[in-house]
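from the sequence below, what's the structure:
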Amino acid sequence: MGRPATGQTKVMGFRPPKPLRDEFEQLAAAEERTPSDALVEAMHDWVKKKRRQYEAAGDGVVPTS
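Here you go, the predicted model:
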């Protein structure tokens, strides 16, 4: 997955539990991926899942901020 130019996207920060972070970093390294790239993929997957759930509920409306 391509990476946007520096400064074009908002930086997000969070603190996952250490065991989760450690396993995540090991898996990303095993696939020769950066943690950032793996997180972006996970976010895309989660958004797709949630959109399908809202569409299946019948209203087709996805909440926005």
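
lowest-confidence helix or strand of this structure?
helix 35-56 (a mean of 92; mean pLDDT, DSSP states H and E).

name the helices or strands packed onto it?
In terms of contacts (3 or more C-beta pairs under 8 Å, 6 or more residues apart in numbering; DSSP states H and E), helix 35-56 is packed against helix 18-30. Just so you know, the C-beta spots here come from the backbone N, C-alpha and C atoms, and that holds for glycine as well.

rounded mean pLDDT for the helix it packs on, please.
In this model, helix 18-30 carries a mean pLDDT of 97.

could you tell me how far it lies from the centre of the chain?
Distance of helix 18-30 from its chain centroid, counting by C-alpha atoms, centre = their mean, to the nearest Å, is 15 Å.

related to what we said a few turns ago, next, the angle helix 18-30 makes with the least confident helix or strand of the chain.
Orientation check (axes from the mean of the first three to the mean of the last three C-alpha atoms, to 10 degrees): helix 35-56 against helix 18-30 gives 110 degrees.

pull out the buried residues from helix 35-56.
Neighbour counts using 16 or more other C-beta atoms under 10 Å place 38-40 of helix 35-56 among the buried residues.

from these, which single one is nearest Gly7?
For the buried residues of helix 35-56, the residue nearest Gly7 by C-beta to C-beta is Val40; the value is 16.6 Å.

separation between that closest one and Val47?
Distance of Val40 to Val47, given as C-beta to C-beta, to the nearest Å: 11 Å.

swap in Glu23?
Glu23 is 23 Å from Val47, by C-beta to C-beta.

so which residue is dead centre in the protein?
The chain has Met43 as the residue nearest its centroid, 2.1 Å off, counting by C-alpha atoms, centre = their mean.
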